[in-house]
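[1] No letters, just coordinates:
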């Protein structure tokens, strides 16, 4: 690997880590906001005999959305761990770099778009 290749590789790793960190921070902020909003709604809406925001249909939807965001957060945390050991950003099937655009859209992607398509075809 040439010096130029190393520089490019280090720049890519830095770009990917910044992307993952930014997505993680955004998710944490979104989860906190949603939970704070639900708590405020619960305090203003609860009355004797009611079961709080989670019992209301919109509360269940909000809780499901928070749970979905928490799962995404866990996937991003896994991606950050893989990044720290140098196993992130490369396709687990072909070993090629996963495109930055794909990682931006799916930060937890483990396959390049081509290999993902093949994997999904085999999985059906």
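    Nice, I can see it. The structure displayed is predicted, hence computed values, not measured ones.

[2] so how far is the longest helix anywhere in the chain off the chain centroid?
    Longest helix of the chain, by residue count under DSSP state H: helix 3-45. In terms of C-alpha atoms, centre = their mean, to the nearest Å, the centre of helix 3-45 is set 8 Å apart from its chain centre.

[3] how near is residue 116 to residue 1?
    Using C-beta to C-beta, to the nearest Å, we find residue 116 at a distance of 27 Å from residue 1. To be clear about C-beta, it is placed using only N, CA and C from the backbone, and glycine gets the same treatment.

[4] Neighbour count: these two, which is higher?
    The neighbour comparison of residue 116 against residue 1 (other C-beta atoms under 10 Å) goes to residue 116, with 17 against 7.

[5] contacting residues around the residue lying closest to that one once chain neighbours are set aside?
    Distances taken as C-beta to C-beta, 6 or more residues apart in numbering put residue 109 closest to residue 116, at 7.3 Å, once the chain neighbours are dropped. By C-beta atoms under 8 Å, 6 or more residues apart in numbering, the contact list for residue 109 reads 98, 102, 103, 116.

[6] Export those residues as CSV, with columns for pLDDT and secondary structure.
    Compiled in CSV, the contacts of residue 109 are given as follows (pLDDT from 0 to 100; DSSP: H, G, I helix; E, B strand; the rest coil):
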residue, pLDDT, secondary structure
98, 93, coil
102, 94, helix
103, 90, helix
116, 97, helix
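
[7] out of those, which are buried?
    For the contacts of residue 109, a burial check counting by 16 or more other C-beta atoms under 10 Å picks out 98, 102, 103, 116.
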